[in-house]
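**Student:** Show me the folded form of this:
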Amino acid sequence: MPLLSAGIGRKRLDAETLNVMVWVAGLPQPAAVVYEAGLTGFVLARALDKAGVRCVVAAPSKMERPDQDGQAGCARAKLLQLEEMPAVRAPTLAEEAARDLVRGRDDVRRDLARVRNRVSELLLRQGRVWRGGSGRTCIHHA
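**Tutor:** Okay, here's the model as predicted:
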């Protein structure tokens, strides 16, 4: 759950875009938001941009890790205010969709290789050794 900070206080929210949008709408305007790029993608950045709220998606690999005393949000707010937040560009919907497709295809390819290896190892443990040439042919699969 992201911890959101503002000059008026702090609030812990879930990752639901609508909940974040409602909270940001209640802040004194103009408001600005920063969050770390991660698994949630860029839906929040696009929604905030559409609503006219400045949003910076921070590059986690380029950020210093503050002490674990709950001050990370304040430190990021200061960096945002000073225009020193290391940011990444939010990809377009088409770019993000292409990236998801490539990642998904790669995941499936790796999963298939793991399963093939497991089956081969199981067969080897059972004493079934293929001696008919390549192991990736129709004859082998049959």
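**Student:** Next, the residue nearest to the spatial centre of the chain: phi, psi?
**Tutor:** Closest to where the C-alpha atoms of the chain average out (Cα atoms, centre = their mean) is residue 39, at 1.9 Å. Main-chain torsions, residue 39, degrees, to the nearest 10: phi -70, psi -20.
**Student:** what pLDDT does it get?
**Tutor:** pLDDT for residue 39: 73.
**Student:** cool, and residue 108?
**Tutor:** 97.
**Student:** Show me what counts as buried in the helix or strand where it lies.
**Tutor:** Per DSSP states H and E, residue 108 falls inside helix 93-125. Across helix 93-125, burial judged by 16 or more other Cβ atoms under 10 Å covers no residue at all. In this view, the C-beta of every residue, glycine as well, is placed from N, C-alpha and C.
**Student:** Begin at 6, not 1, for the rest of this chat.
**Tutor:** Done: numbering now begins at 6, and the last item shifts to helix 98-130.
**Student:** how far out from the middle of the chain is it?
**Tutor:** 19 Å (Cα atoms, centre = their mean, to the nearest Å).
**Student:** What segments of the protein are strands?
**Tutor:** 8-11, 14-17, 37-41, 59-63, 92-93 (DSSP state E).
**Student:** Mind listing the strands the fourth one pairs with, and their directions?
**Tutor:** So the one you mean is strand 59-63. Take DSSP bridges as the rule and strand 59-63 pairs in its sheet with strand 37-41 (parallel), strand 92-93 (antiparallel).
**Student:** which of the ones you listed sits most buried?
**Tutor:** Of the strands paired with strand 59-63, the one with the most neighbours on average (mean count of other Cβ atoms under 10 Å) is strand 37-41, at a mean of 19.
**Student:** Understood, closing this out.
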